[in-house]
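Engineer: Mind folding the following:
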Amino acid sequence: MKLSRRSMLSATATLGFGAAAAWRAAGAATAGPGSTVPGAAEARAPGLPALGTMLPLPVVPLLDGSTFDPASAAGRVVVVYWWASWCPFCAVQSPHIEALWQAQRARGLTVLALSIDKDRAVAASYLQKKKYSFPAGMLGPEVAAVLPKPKGLPVTVVRGRDGKVVMAEAGEMFPEDIEGMAKFL
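Structural biologist: Numbering: from 1, shown residues only. Purely as a prediction, here's the structure:
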């Protein structure tokens, strides 16, 4: 039986995922800030959060010197995007995240990109070089305690206006699927 891309995404986001509490509790086992080599830490990383579970958002110091305040995201759709400057799949996906951010932020879309690079300066330089303007911070221990990085890279999770997960995907997404996240607005 051949499944459509949308059916595969739905099945991937629904099957095998634990409760939100278990997902958050697994935060200590994430690949951690700056992990650049898949290995034991990545193998212990939690799976994607289950659809319909609450997705807490932490205060995040952003690379541009400002701060992401979770209160500012109340009632807004938030795309949480884990990435790295060295990730070739992120390099393909990030321009589409930027385009979504530019096209939809006036309609209530918020992006919170979390770099897993080891060096904050490398991540900031990469964003500046690529002219990305979406809000981006580092996945440090404090952030990972609330919002642990699931297995894979890039990882994209969409939090609906009600604070619940409406979409979760590990790995590079097709441009049309990224554009399609606007349907959650």
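Engineer: in stretch 110-127, what counts as buried?
Structural biologist: Buried residues in stretch 110-127, counted by 16 or more other C-beta atoms under 10 Å: 110-118, 120, 123-124, 126-127. Every residue, glycine included, has its C-beta placed from N, CA and C.
Engineer: Just list the residues touching the closest residue to E179 other than its chain neighbours, thanks.
Structural biologist: Excluding the flanking residues, the one nearest E179 by C-beta to C-beta, 6 or more residues apart in numbering is L100, at 6.5 Å. For L100, the contact set (C-beta atoms under 8 Å, 6 or more residues apart in numbering) comprises 79, 109, 111, 178-179, 181-182.
Engineer: just the buried members of those residues?
Structural biologist: In the contacts of L100, burial by neighbour count holds for 79, 109, 111, 178, 181, counting by 16+ other C-beta under 10 Å.
Engineer: Can you tell me how far the residue nearest to E179 is from M167?
Structural biologist: 12 Å (C-beta to C-beta, to the nearest Å).
Engineer: Which neighbours do these two have in common?
Structural biologist: M181.
Engineer: Wait, a helix at the residue nearest to E179?
Structural biologist: Yes: L100: assigned to a helix according to DSSP: H, G, I helix; E, B strand; the rest coil.
Engineer: What does the pLDDT read for it?
Structural biologist: At L100, the model reports a pLDDT of 98.
Engineer: my guess is S133 is in a helix, correct?
Structural biologist: No: counting by three-state DSSP, S133 is not part of a helix but coil.
Engineer: Work out for me the element the residue nearest the centre of the chain sits within.
Structural biologist: Nearest to the geometric centre of the chain sits Y81, at 2.2 Å (C-alpha atoms, centre = their mean). Here Y81, judged by DSSP states H and E, is contained in strand 77-83.
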